[in-house]
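Q: For reference, the sequence and a predicted model appear below.
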Amino acid sequence: MPDRAALRRFRHWQYRDPGANCSDYVAAFLSAFTSLTADDYPVGVVSARDGLRKARAHERVVQLFEACEPRDFALACQYIGRVFVHVGVVFGGQVWHTGAATGTVVESVEHFERRGQHGGTRYWIHKKLL
């Protein structure tokens, strides 16, 4: 399990780098604290302004992950209708995520779900972590 020092960098994640987005944040978190590698996750392909890439990334997630209840290292995916719009990662009963407008946020699962829009939140765990 990650210690406080290892988690610190994810509390202060910088969203300023080109291409840095919620998907990159989750991929880095999973790579740092699980056995998953970049090949196990659609790293760098979720762009806030590119709906087609988001759809393709979500298709890959659905193939590599299984639906679950909130649990450590599960993806917390938010949707508008059926369209995937945002992702975080569950750890310690909280959702860790980042966004251009919000910066890094660590909040309860319940608060993350309330932040979601029409379509709700679904959770996915990588098959290698089952």
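A: Yes, it's here.

Q: Tell me the helix or strand right after the helix or strand bottoming out on mean pLDDT in the chain.
A: The weakest-scoring helix or strand in the chain, judged by mean pLDDT, DSSP states H and E, is helix 51-64 (a mean of 75). Per DSSP states H and E, helix 51-64 leads on to strand 65-68 as the next helix or strand towards the C-terminus.

Q: model confidence over that following strand, on average?
A: What strand 65-68 shows for mean pLDDT is 94.

Q: Residues touching that strand, excluding its own?
A: 74-75, 122-127, 130 (CB atoms under 8 Å, 6 or more residues apart in numbering). (C-beta placed from N, C-alpha, C; glycine too.)

Q: Would you mind confirming that Gly116 makes contact with Ala76?
A: No - judged on CB atoms under 8 Å, Gly116 makes no contact with Ala76 at a distance of 9.1 Å.

Q: contacts for the longest strand along the chain?
A: Looking across the chain with DSSP state E, the single longest strand is strand 83-91. Strand 83-91 is contacted from outside by 2, 22-23, 25-26, 29-30, 33, 46, 51, 54-55, 57-58, 61, 70-79, 95-97, 99, 109, 112, 116-117, 119, 123, using CB under 8 Å, 6+ apart.

Q: Okay, buried residues for it please.
A: 84-91 (16 or more other CB atoms under 10 Å).

Q: Stretch 57-67 too?
A: By neighbour count on 16+ other CB under 10 Å, the buried set for stretch 57-67 is 57-58, 61, 64-65.

Q: could I get these as JSON lines with distance to Thr104?
A: As requested, these are exported to JSON lines (distance: CB to CB, whole Å):
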{"residue": "Ala57", "distance to Thr104": "21"}
{"residue": "His58", "distance to Thr104": "22"}
{"residue": "Val61", "distance to Thr104": "21"}
{"residue": "Leu64", "distance to Thr104": "25"}
{"residue": "Phe65", "distance to Thr104": "23"}
